[in-house]
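S.K.: this one's structure only:
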């Protein structure tokens with residue numbers, strides 16, 4: 001494809017390389033380093049004048065450093081006369097801080113990140129499975145929020161032989177829309193778990209739905225410390241589920257998450273590679289990865305050529 005340059009940030013180089021291979025491109029030359037005072041420095045190693053630039057950088061690992069690196073890369077390309085700069089952010093940073101909570105002085109940090117990306121010079125955003133869809137409204141530029149759902153459906157049908165006897169479960173009421181969509185496509189039933197909290201801790205869980213003698217598939221957009229999904233798995237087993245799987249788009253797995261998964265009744269915990277998982281998979285054999293590089297690559301190709309991206313909401317590109 002002419003007039004296109006693809007750069008990789010340092011957060012998920014393996015995913016960037018897969019996207020580049022899918023597009024038949026070489027990753028652009030960029031050097032990122034830190035000064036002794038920990039300031040981030042980025043040097044773009046090739047001309048981007050008049051080019052359509054895409055920068056793949058996920059909001060994971062050292063989140064603040066990676067976010068700053070992305071902002072500097074966007075600005076460096078913009079002031080080097082790039083025609084258009086599109087950050088490809090598979091896992092959007094600060095997405096869980098999308099609204100005020102009960103504390104009136106709480107920030108809406110996702111809106112702040114949106115402002116920072118726009119001010120840095122971003123013309124368009126490509127991301128995947130935003131924690132809350134209203135984050136798209138925080139931007140005054142175009143945002144394509146891609147979905148892992150087609151790849152998840154493909155994984156379920158290809159890896160769970162008894163998938164017709166499954167039930168899709170949301171670990172909280174907020175994920176009801178997500179699980180009903182998957183359940184409708186598979187023509188199976190769905191359930192959800194209602195949590196009651198006390199002092200920010202889960203005090204009790206109530207299952208709404210019948211999972212007895214079913215294969216339960218817990219579905220969520222991300223997993224951080226995995227306390228909720230592991231408690232939900234135990235609840236499903238005690239309610240009579242034969243097997244329990246978890247499918248989570250963004251596997252952050254911080255703190256005690258790995259030890260919790262290892263001691264949980266999950267058959268498998270399936271995540272996408274929006275966040276690198278190689279190190280976590282060595283520590284936890286239950287973790288499996290769905291590659292979504294083909295979805296991101298096709299979104300980049302369609303955006304560059306001015307084609308519709310909505311096809312990707314329902315299909316996995318071949």
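M.R.: Structure received. No experiment lies behind these values; they were computed from the predicted model shown. Numbers count the residues shown, from 1 in each chain.

S.K.: strands of the stretch 201-318 of the chain, residue ranges please.
M.R.: Secondary structure of the stretch 201-318 of the chain (DSSP state E, counting those that start in this stretch): strands at 201-208, 215-223, 243-251, 268-272, 287-290.

S.K.: need the least confident one among the ones you listed, by mean pLDDT.
M.R.: The weakest mean pLDDT among these belongs to strand 201-208, with a mean of 77.

S.K.: dump the strands of the stretch 201-318 of the chain to JSON lines, plus mean neighbour count and distance to residue 8.
M.R.: Bear in mind the C-beta positions are built from the backbone N, C-alpha and C, glycine included. Shown next, in JSON lines, are the strands of the stretch 201-318 of the chain (neighbours: other C-beta atoms under 10 Å; distance: least, C-beta to C-beta, whole Å):
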{"stretch": "strand 201-208", "mean neighbour count": "12", "distance to residue 8": "38"}
{"stretch": "strand 215-223", "mean neighbour count": "24", "distance to residue 8": "22"}
{"stretch": "strand 243-251", "mean neighbour count": "25", "distance to residue 8": "18"}
{"stretch": "strand 268-272", "mean neighbour count": "24", "distance to residue 8": "17"}
{"stretch": "strand 287-290", "mean neighbour count": "19", "distance to residue 8": "18"}
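
S.K.: which of those strands sits closest to residue 69?
M.R.: strand 243-251 (19.0 Å; C-beta to C-beta).

S.K.: and the closest one, how far out from the chain's middle?
M.R.: For strand 243-251, the distance from its own C-alpha centre to the chain's C-alpha centre is 13 Å (C-alpha atoms, centre = their mean, to the nearest Å).

S.K.: setting the sequence-adjacent residues aside, check what's closest to residue 41.
M.R.: residue 33 (5.2 Å; C-beta to C-beta, 6 or more residues apart in numbering).

S.K.: now do the SS call for the one you found.
M.R.: Put simply, residue 33 is strand when judged by DSSP: H, G, I helix; E, B strand; the rest coil.

S.K.: that one contacts residue 69, correct?
M.R.: No: applying C-beta atoms under 8 Å, one finds residue 33 not in contact with residue 69, separated by 10.1 Å.

S.K.: pick out whichever of these two has more residues nearby.
M.R.: Just comparing residue 33 and residue 69: by other C-beta atoms under 10 Å the higher neighbour count belongs to residue 69, 22 against 10.

S.K.: OK, contacts around that one?
M.R.: Residue 69 makes contacts with 9-11, 32, 40, 42, 57, as judged by C-beta atoms under 8 Å, 6 or more residues apart in numbering.

S.K.: try residue 158
M.R.: So residue 158 contacts nothing (C-beta under 8 Å, 6+ apart).

S.K.: what about it, helix or strand, and which?
M.R.: helix 149-159 (DSSP states H and E).

S.K.: what's the first helix or strand after that helix?
M.R.: Following helix 149-159 in sequence, per DSSP H and E, is strand 166-170.

S.K.: so in that sheet, which strands flank that next one, and in what orientation?
M.R.: strand 189-198 (parallel), strand 215-223 (parallel) (DSSP bridges).

S.K.: so which bits of that strand are buried?
M.R.: Buried residues in strand 166-170, defined by neighbour count with 16 or more other C-beta atoms under 10 Å: 166-170.

S.K.: so what does residue 52 have for phi and psi?
M.R.: Reported as degrees, to the nearest 10, the phi and psi values for residue 52 are phi -90, psi 110.

S.K.: who's in contact with it?
M.R.: For residue 52, the contacting residues are 3-5, 82-84, 86, 304, by C-beta under 8 Å, 6+ apart.

S.K.: most neighbours out of these, which is it?
M.R.: residue 86 (26 neighbours).

S.K.: spatially nearest residue to residue 154, not counting backbone neighbours?
M.R.: Nearest one to residue 154, counting by C-beta to C-beta, 6+ apart, is residue 316 at 5.5 Å.
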